[in-house]
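Quick check, what structure comes out for this input:
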Amino acid sequence: MAAVLKLDEFNLLDDGECDARIAAAKALLGDRLCILGHHYQRNEVFRHADFSGDSLKLSQMAAKTEAEFIVFCGVHFMAEVADIVTHGQRSVILPDLAAGCSMADMANLAKVEKCWAELAEVLDPDEAVTPVTYINSAADLKAFCGRHGGIVCTSSNARAVLEWSFARREKVLFFPDQHLGRNTAYGMGIGLDEMIVWDFNKPMGGNTPEAIRAAKMILWKGFCSVHQMFQPAHIKHFRERVPQGKVISHPENAFEVCQNSDFVGSTEYILRTVRASEPGAHWLVGTELNLVNRLADEMREKDVTVEFMSPTVCMCSTMFRTDPQHLAWTLDNLVAGKVVNQIRVPAAVAEPARAALDLMLEVVD
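Below is the predicted model:
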């Protein structure tokens, strides 16, 4: 039986050699292979994707494909979701296992279970609180929600999920991204004075029992390191320079950034909105650099200007870990009959996690 090809040998190849190997492997594997590419991937990898999109769209594509091998050019939690929604019937592969998500890492099962136990000192969380996890989270947190009557959300369906949650219980514990929770809830008419932040490094999250009882939204103290870079000052300077311009931001941005934006929505919403603009339009976009640069190149031909919000280069460093060398190594091993870096979620975790994901799809259908 052939040995697994060593990654070190591929790390010495230049991007051109990797491109040729990737193309050859795709031709040999044919319909047995499906490559999924997240919008935040670098161009050198993104160009090889059979399907592109945000995490939810790509997971839906994973569920539909008949391909034997699903190579997910994204980060770890995305590959986990793909394995969950395909019921473990496909080989889901992450080219670089170091491709994680700093936001997802800000909430882990031990911390969330500790939070739940501390909430139980003040109220009955299984009666009063719906746990809602952003899809940008580990599989065991999705399973936690599944076991406690909770649900998963994405940036595009967070409002519908929160409406469902509040129709069932009076409070929501939202993790791991505080900004998506705050921006969405505020847009629903929930006041900032009805929200508290749960600092997982402090007893009771740094809150008094009275504050917990009064809160409707309990926001986990997590954030996206990329979207933390954008500031209201960036928007102010843009409006001074381009008075007729429009600002569009992702809801993972801070509250003040979203409040100062003309439009707020998911990556798919951002793409759809900018692509629909008339010639001469000028946009400031507050989301990841690779996506914005590709959108700027695309819209330039239509006489639409697209600018990145921050003057500082800001890309998702964990997404950037997936390079042509890792992708070529992954595919050449598949050609040789070897599956490397397979992501498999244990059944005990996958089943309740799938329940929370299925509930989301049912609620927003």
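
what separates Ala63 from Leu7, distance-wise?
Remark: distance between Ala63 and Leu7 (C-beta to C-beta, to the nearest Å) = 29 Å. For the C-beta atoms, the positions are set from N, CA and C on the backbone; glycine is no exception.

Ala79 too?
On the measure of C-beta to C-beta, Ala79 and Leu7 end up 18 Å apart.

Looking at those two now, which is surrounded by more residues?
Neighbour tally, Ala79 and Leu7, criterion other C-beta atoms under 10 Å: the higher count belongs to Ala79, 30 against 17.

pretty sure the more buried one is touching Ile93, no?
Yes: judged on C-beta atoms under 8 Å, Ala79 makes contact with Ile93 at a distance of 7.4 Å.

Now do the shared contacts for these two.
Each of Phe72, Ile343 lies in contact with both Ala79 and Ile93 under the rule C-beta atoms under 8 Å, 6 or more residues apart in numbering.

Extract the C-alpha set from stretch 355-365 and format it as PDB.
Output of stretch 355-365 as PDB, limited to C-alpha atoms (Å, rounded to 0.1, in the frame of the first residue of the first chain):
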ATOM      1  CA  ALA A 355     -30.600  18.700  15.800                       C
ATOM      2  CA  ALA A 356     -29.700  22.300  16.500                       C
ATOM      3  CA  LEU A 357     -28.700  22.800  12.800                       C
ATOM      4  CA  ASP A 358     -31.800  21.200  11.500                       C
ATOM      5  CA  LEU A 359     -33.900  23.300  13.800                       C
ATOM      6  CA  MET A 360     -32.200  26.400  12.300                       C
ATOM      7  CA  LEU A 361     -33.000  25.300   8.800                       C
ATOM      8  CA  GLU A 362     -36.600  24.600   9.800                       C
ATOM      9  CA  VAL A 363     -37.000  28.000  11.500                       C
ATOM     10  CA  VAL A 364     -35.700  30.000   8.600                       C
ATOM     11  CA  ASP A 365     -37.100  27.900   5.700                       C
END
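
Can you give me the buried ones in it?
Going by neighbour count (16 or more other C-beta atoms under 10 Å), the buried part of stretch 355-365 is Ala355, Ala356, Leu357, Leu359, Met360, Val363, Val364.

What of stretch 304-313?
So stretch 304-313, judged by 16+ other C-beta under 10 Å, has buried residues Val304, Val306, Glu307, Phe308, Met309, Ser310.

List the residues that contact the residue nearest the centre of the chain.
When C-alpha atoms, centre = their mean is applied to the chain, the residue found nearest the centroid is Asn136 (4.4 Å). By C-beta under 8 Å, 6+ apart, Asn136 lies in contact with Ser55, Phe77, Cys101, Met103, Ala104, Pro176, Asp177, Cys224.

Return the subset of the residues you listed lying in strands.
If you go by DSSP state E, these have nothing in strands.

Dump these to JSON lines, plus distance to Leu334.
Shown next, in JSON lines, are those (distance: C-beta to C-beta, whole Å):
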{"residue": "Ser55", "distance to Leu334": "23"}
{"residue": "Phe77", "distance to Leu334": "23"}
{"residue": "Cys101", "distance to Leu334": "25"}
{"residue": "Met103", "distance to Leu334": "30"}
{"residue": "Ala104", "distance to Leu334": "27"}
{"residue": "Pro176", "distance to Leu334": "33"}
{"residue": "Asp177", "distance to Leu334": "34"}
{"residue": "Cys224", "distance to Leu334": "32"}
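
so which of those residues comes closest to Phe166?
Nearest to Phe166, judged by C-beta to C-beta, of the contacts of Asn136 is Asp177 at 18.4 Å.

Could you report the pLDDT at the closest one?
The per-residue pLDDT reported for Asp177 equals 96.

give me every residue that touches it.
Contacts of Asp177 (C-beta under 8 Å, 6+ apart): Met103, Tyr134, Asn136, Trp220, Gly222, Phe223, Cys224, Glu252.

Distance check, the last one against Val226.
Summarising the geometry, the distance separating Glu252 from Val226, computed by C-beta to C-beta, is 8 Å.

who has more neighbours, these two?
Each of Glu252 and Val226 has its neighbours counted (other C-beta under 10 Å); Glu252 has more, 27 against 24.

gap between the more buried one and Gln259?
14 Å.

follow-up on the earlier one: can you lay out the contacts of Asp177 as JSON lines showing pLDDT and distance to Asp126?
Converted to JSON lines, those look like this (pLDDT from 0 to 100; distance: C-beta to C-beta, whole Å):
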{"residue": "Met103", "pLDDT": "76", "distance to Asp126": "26"}
{"residue": "Tyr134", "pLDDT": "94", "distance to Asp126": "21"}
{"residue": "Asn136", "pLDDT": "90", "distance to Asp126": "24"}
{"residue": "Trp220", "pLDDT": "97", "distance to Asp126": "18"}
{"residue": "Gly222", "pLDDT": "94", "distance to Asp126": "23"}
{"residue": "Phe223", "pLDDT": "89", "distance to Asp126": "28"}
{"residue": "Cys224", "pLDDT": "83", "distance to Asp126": "29"}
{"residue": "Glu252", "pLDDT": "95", "distance to Asp126": "29"}
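
is it possible to export those to CSV including distance to Thr322?
Formatted as CSV, those follow (distance: C-beta to C-beta, whole Å):
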residue, distance to Thr322
Met103, 17
Tyr134, 21
Asn136, 16
Trp220, 27
Gly222, 23
Phe223, 22
Cys224, 18
Glu252, 20
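
Please identify which of those residues is nearest to Val335.
Ranked by distance to Val335 (C-beta to C-beta), the contacts of Asp177 are led by Asn136 at 32.1 Å.

Leu141 reaches Phe175, doesn't it?
Yes: at 7.1 Å, Leu141 counts as touching Phe175 under the criterion of C-beta under 8 Å.

Overlap in contacts, these two.
Shared contacts of Leu141 and Phe175, defined by C-beta under 8 Å, 6+ apart, comprise Ala107, Val112, Thr133.
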